[in-house]
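>>> Below: sequence and its predicted model.
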Amino acid sequence: MASKGKKPIVVDQDVEEPPQEEEEEEEEVERFDDFTVASSWERFISDIEAVCRQWLADGPKNLLEKGAIPVGSSTSVYRVKFELKYAMKSYCMEYYFGVRSDGKTAEWDSSLHDLQLCFGVRDFLMIAPQSASGVVLDSPESSKLLSAVAIALSNCSSTWPAFVPVHDPSRKAYIGIQSMGTVFTRSFEADHIGSQVPIKLMHLEGLYELFISKFAYSTLDFSEHVFRVHFTMRLTYETFAHNDDDVVQGRDMESSEIGGNPGHDLHNRSHWDDDCPWSRWYSAEDPMKGISLVAIWTDKVIDSSSEMAELENATPLEAEKWILSPQISPDVIDASMENKSAGFASQLSLLVDALDMSFQAQFMEDFVSVEKPGMEGLKSSLVIPPMSVVDRILKELFQNGSIRSNSGKGEPKLSRVIKGAPVESLFAEFCLHSLWCGNCNIRAIAFLWIEFVREVRWCWEETQPLPGVPTSGSIDLSTCIVNQKLQMLSICIERKQQQNEEYQDCVGSEDADSIIIEHDGTAGYSSEEVEPGRSSVGEFYSPSTPKKFEESGKSSPRFALFPQESPSSMSLRSSDCSRRGSAGVVGCMKLLKSNQSLHAPFTQDAPLMTEDMHEERLQAVDAFKESFNFSAQLEREILSSDMSAFKAANPDAVFEDFIRWHSPGDWETDEDEKCGPSVNVTPGSKDEWPPRGRLSQRMSDHGNLWRKIWNDAPALPASDQKPLFDPNREGEKVLHYLETIQPHQLLEQMICTSFRAAADTIYKTNFGDLKQMTSRMDQLYATMASMLKPLQAKRLAAGSETIEDLRRLALIFGNVERLLHLAAFLHRKFFQARSLSDAIFSGFFSHSARRMGTGLTKEVEEADFDMKIPVKHHERQVISDVFAPPTVNQSWRKVLSMGNLLNGHEPVLREIIFSKLDSVSSGNQYASETPRGHHRQIEMYRMYISGTSNDLRVALSVASCD
């Protein structure tokens with residue numbers, strides 16, 4: 001078995017063992033290098049070439065459709081990018097291209113990319129490593145990258161320039177190369193000096209010689225030779241910030257937190273809005289941080305350094321172009337709810353928060369009371385202002401009176417649609433003071449309200465007039481209830497004061513009873529005609545029609561004690577002798593039982609009522625089916641007074657005569673016997689007696705309450721009757737309402753009044769003839785009227801959607817308020833250059849209109865406002881005056897000046913472009929130059945210089961022949 005097992009092994013070894021010559025041939029094959037396989041660097045170039053060919057094939061239009069993004073805020077320069085890998089590193093290649101149809105690049109176009117401005121190129125490539133710095137710190141690596149891109153572009157027959165960022169990122173250094181499609185190649189280089197700039201390079205003369213040194217022999221004296229160099233310059237000036245001299249500690253809101261009024265001398269310096277309507281309540285920050293002015297000297301040909309020295313001493317007024325850029329404050333641009341800049345809007349938002357918390361208590365005292373349970377959390381978080389602050393507010397409200405504005409603008413018509421108090425009324429003043437009392441929290445408002453009502457009660461008890469409240473005999477039912485109550489109380493105080501004066505006069509005079517004279521109704525009135533149902537001094541009140549409840553608060557005086565009387569009287573009848581309180585004859589009307597003229601009596605005014613009193617009466621009438629008799633019962637005192645006065649003026653009158661005069665609609669007649677004073681009546685018509693007609697059905701019913709009141713009413717003129725209006729009783733009712741009003745009811749009326757008063761205050765601002773601002777204010781009033789309606793319905797509940805709507809209304813108010821601040825600022829700043837102020841405001845108005853809509857993306861909302869406005873020659877002096885001469889504190893560091901001063905201001909940035917042109921043949925680039933060849937100008941040298949006295953950046957491009 002063993003011998004048999006060894007034999008195959010030997011045979012297998014002889015068969016499978018390869019010859020030695022074949023092994024040597026295999027070794028020679030493994031050592032062979034195949035140069036047809038590309039290296040990693042060649043593949044890198046190939047990748048770049050493929051990407052470039054794709055971009056060239058797409059063109060700008062298709063690249064935009066594929067998602068090219070704009071560079072910064074520019075709308076004329078876009079970029080696309082592609083990621084590449086080489087030698088275990090990742091690179092990003094970006095292609096920047098313009099979309100101008102003319103294919104040209106303006107030298108001082110603000111929308112240009114930095115490299116476009118530095119080197120004067122249009123479309124270009126830039127490749128950089130994907131690292132934290134984004135630059136190439138190794139010189140061989142940068143050269144290799146640039147070579148790879150140059151080879152790829154050459155293979156594509158493209159003339160795009162290519163750039164690579166090098167060195168430290170703070171130096172903003174680049175190197176680049178461009179094939180110009182001819183024998184010329186352009187190289188680029190840029191670098192930056194951040195400190196220790198040589199003094200020579202701070203002046204135009206030194207910069208001119210720096211450029212010349214790039215192509216002239218260094219041994220030459222530049223001042224003795226002529227070098228024709230093209231020159232253009234752009235200088236940028238900026239106004240100083242307003243707080244460079246005075247560092248103001250604290251803000252308006254800090255003062256309000258301790259209960260102060262921010263409108264009172266927070267800063268010991270004049271402010272731009274000192275004469276604006278809102279300056280009494282707050283001081284608005286400048287809507288513009290400043291302005292940026294660009295002065296441009298266009299293309300000039302400079303022959304010597306002495307010309308540069310002269311140009312450095314030139315004033316910016318000699319520049320060919322001026323471009324103005326307003327720098328709007330971020331607070332004006334910010335339209336979000338987080339914007340808490342000083343103004344009415346931020347305080348109104350706090351007042352809405354107070355309304356949301358007002359449902360937690362039943363009375364205002366509960367928010368202030370120490371013993372009230374459940375208020376511990378509010379007491380710790382909401383602070384009550386000190387009593388000294390409250391005393392100062394009350395003194396301004398009651399002792400100093402309301403401060404009237406001298407503005408020529410009155411209250412807008414749209415303002416009355418909002419059911420609040422007028423801007424200069426006592427309650428409106430209270431609401432505006434509440435906005436700035438403490439932090440406008442519910443406890444601070446409650447504390448101020450309690451003290452306010454105490455002061456109102458003192459005025460009532462001491463018979464002192466309420467400031468800012470009219471004392472006329474009418475109540476404006478279009479205002480809020482609290483304002484109506486204060487009007488009622490003011491009238492009661494006046495009536496109470498009159499009663500006291502009359503009482504003192506009666507006590508001091510023994511003949512006081514002889515003062516009241518009973519007048520003969522016919523004497524002096526025989527020729528005067530009065531319309532039925534009306535006296536000669538006002539409109540009568542008809543209690544039979546409940547719809548006239550609303551008019552009772554606005555009725556004109558109906559009562560006069562001493563009508564003018566003519567002494568001429570002859571052979572008077574007995575009834576004429578007993579007639580008292582007549583206001584005159586009512587047309588051609590005759591009494592039914594005697595052939596005598598019907599006389600209209602002087603009657604008392606209907607009692608004044610506020611809106612809630614009218615509503616109570618209307619609800620009582622609606623609750624009974626027999627509304628006619630119930631209405632008469634409610635108005636019994638008024639009806640009885642009118643009937644008594646009518647009986648006194650017409651001793652022979654019957655109930656039907658009163659109905660014919662007081663309620664003509666209840667006297668039915670077949671013929672129209674009514675003849676007013678303007679109707680020509682024939683003599684015969686006056687003799688037609690008795691008058692024809694009959695009472696209406698409701699007046700003829702059995703048990704009619706009107707007839708019962710007529711039977712009980714005595715014949716007394718209005719002068720002898722008990723007054724219908726009791727000022728003492730009504731005054732106490734008003735005070736009871738003010739002392740027991742529920743917190744949410746008070747806050748609802750405060751919000752309506754505060755929004756209306758704040759809008760009316762800023763409406764008085766003078767902002768010129770800006771129609772957009774006027775239109776926006778009208779829109780604000782319409783929006784407020786719509787969004788404040790739920791508060792007037794008195795159906796608001798805690799946590800309702802109306803609270804969020806009110807917060808949005810405060811946001812809308814803030815946007816309009818800041819827009820108005822800008823309009824007022826521009827009107828004052830550029831009063832002598834209206835076209836500039838109009839252009840700035842119109843531009844910002846269009847910018848803000850997009851942000852005030854809904855559904856805007858965050859990018860649109862945060863887009864910077866960048867506006868360039870050309871300044872005309874006659875407007876330059878106005879702009880120059882804005883640059884006030886700097887103070888010592890502002891210019892102590894400006895030891896070395898660069899020249900070209902504007903009212904003592906040196907440019908914050910100086911940019912210069914030097915260029916040197918040469919003529920080259922445009923014929924065959926490989927043939928020798930011949931006389932027949934056409935010549936064209938080519939920019940052989942170009943240098944861009946930017947900087948100040950503290951830093952300098954230089955970018956050089958040189959065209960050379962390969």
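Sure thing, it's come through.
>>> For stretch 156-166, which outside residues touch it?
49, 52-53, 56, 95, 115, 119, 121, 123-128, 134-137, 139, 142, 145-146, 149-150, 153, 173-181, 186, 188 (C-beta atoms under 8 Å, 6 or more residues apart in numbering). (Glycine included, C-beta is placed from N, CA and C.)
>>> Among the residues you listed, name the ones in helices.
Among those, the ones falling in helices (DSSP state H) are 49, 52-53, 56, 115, 119, 139, 142, 145-146, 149-150, 153.
>>> List the contacts of residue 298.
With C-beta under 8 Å, 6+ apart, residue 298 has these contacts: 232, 320-321.
>>> Reformat those as JSON lines; add secondary structure, neighbour count and pLDDT.
Compiled in JSON lines, the contacts of residue 298 are given as follows (DSSP: H, G, I helix; E, B strand; the rest coil; neighbours: other C-beta atoms under 10 Å; pLDDT from 0 to 100):
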{"residue": "232", "secondary structure": "strand", "neighbour count": "17", "pLDDT": "95"}
{"residue": "320", "secondary structure": "coil", "neighbour count": "11", "pLDDT": "94"}
{"residue": "321", "secondary structure": "strand", "neighbour count": "13", "pLDDT": "94"}
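>>> Columns distance to residue 294 on top of those residues, output as a markdown table?
Output for the contacts of residue 298, formatted as a markdown table (distance: C-beta to C-beta, whole Å):
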| residue | distance to residue 294 |
| --- | --- |
| 232 | 13 |
| 320 | 12 |
| 321 | 8 |
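>>> Buried ones in stretch 325-334, by neighbour count?
Buried positions in stretch 325-334, judged by neighbour count with 16 or more other C-beta atoms under 10 Å: 325-329, 331-334.
>>> top of the ones in helices among the contacts of stretch 156-166 by neighbour count?
Among the ones in helices among the contacts of stretch 156-166, residue 149 has the most neighbours (other C-beta atoms under 10 Å), with 26 neighbours.
>>> Can you tell me who the nearest residue to it once chain neighbours are set aside pairs with across the strands?
Distances taken as C-beta to C-beta, 6 or more residues apart in numbering place residue 162 nearest to residue 149, at 4.2 Å, with adjacent residues excluded. Per DSSP bridges, the residues bridged to residue 162 are residue 125, residue 177.
>>> Now do the contacts for residue 837.
Taking C-beta under 8 Å, 6+ apart as the test, what residue 837 contacts is 768, 826-827, 829-831.
>>> Taking those residues together, which two end up most distant?
The distance between the two most remote of the contacts of residue 837 (C-beta to C-beta) is 11.4 Å, for 768 and 829.
>>> Please say which of the two ends up with more neighbours.
When residue 768 and residue 829 are compared on other C-beta under 10 Å, the one with more neighbours turns out to be residue 829, at 22 against 17.
>>> hang on, the more buried one packs against residue 290?
No - using C-beta atoms under 8 Å, residue 829 and residue 290 do not qualify as a contacting pair, with a distance of 10.8 Å.
>>> Of the buried residues of stretch 325-334, which belong to helices?
Using DSSP H, the buried residues of stretch 325-334 in helices are 331-333.
>>> Quick one: those as CSV, columns for distance to residue 495 and pLDDT too.
CSV is the format used below for these (distance: C-beta to C-beta, whole Å; pLDDT from 0 to 100):
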residue, distance to residue 495, pLDDT
331, 51, 84
332, 51, 86
333, 55, 83
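>>> Using CSV, lay out the ones in helices among the contacts of stretch 156-166 together with pLDDT and distance to residue 84.
Formatted as CSV, the ones in helices among the contacts of stretch 156-166 follow (pLDDT from 0 to 100; distance: C-beta to C-beta, whole Å):
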residue, pLDDT, distance to residue 84
49, 94, 11
52, 95, 11
53, 95, 14
56, 94, 17
115, 93, 20
119, 94, 23
139, 82, 20
142, 89, 15
145, 91, 10
146, 92, 14
149, 94, 10
150, 93, 15
153, 94, 14
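>>> Nearest to residue 941 among the residues you listed?
For the ones in helices among the contacts of stretch 156-166, the nearest to residue 941 is residue 119 (11.9 Å; C-beta to C-beta).
>>> That closest one: what's it in contact with?
Residue 119 makes contact with 161, 176, 188, 190, 942, 944, 955, 957 under the criterion C-beta under 8 Å, 6+ apart.
>>> out of the residues you listed, which are buried?
Buried among the contacts of residue 119 (16+ other C-beta under 10 Å): 161, 176, 188, 190, 942, 944, 955, 957.
>>> Max pairwise distance over those: which two?
Using C-beta to C-beta, the buried ones among the contacts of residue 119 reach their maximum pairwise distance at 161 and 944, which is 14.2 Å.
>>> Next, the buried residues of the lengthiest strand in the chain.
When the chain is parsed with DSSP state E, its longest strand is strand 288-302. Of the residues in strand 288-302, 288-297, 302 count as buried by neighbour count, 16+ other C-beta under 10 Å.
>>> how about the CA coordinates for stretch 451-471, as CSV?
Listed next in CSV are the C-alpha coordinates belonging to stretch 451-471 (Å, rounded to 0.1, in the frame of the first residue of the first chain):
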residue,chain,number,x,y,z
GLU,A,451,-56.1,106.4,43.1
PHE,A,452,-57.6,108.0,40.0
VAL,A,453,-61.1,107.2,41.2
ARG,A,454,-60.3,108.7,44.6
GLU,A,455,-59.2,111.9,42.9
VAL,A,456,-62.4,111.9,40.8
ARG,A,457,-64.5,111.6,44.0
TRP,A,458,-62.6,114.4,45.6
CYS,A,459,-63.5,116.6,42.6
TRP,A,460,-67.1,115.6,43.0
GLU,A,461,-67.3,116.3,46.7
GLU,A,462,-65.4,119.6,46.4
THR,A,463,-67.4,120.6,43.3
GLN,A,464,-64.2,121.0,41.2
PRO,A,465,-64.4,120.6,37.4
LEU,A,466,-62.8,117.5,35.8
PRO,A,467,-60.0,118.6,33.5
GLY,A,468,-60.2,117.4,29.9
VAL,A,469,-64.0,116.6,30.2
PRO,A,470,-66.5,118.9,28.5
THR,A,471,-69.2,120.4,30.6
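>>> Run the chain-centre distance for that stretch.
From the chain centre to the centre of stretch 451-471 is a distance of 36 Å (C-alpha atoms, centre = their mean, to the nearest Å).
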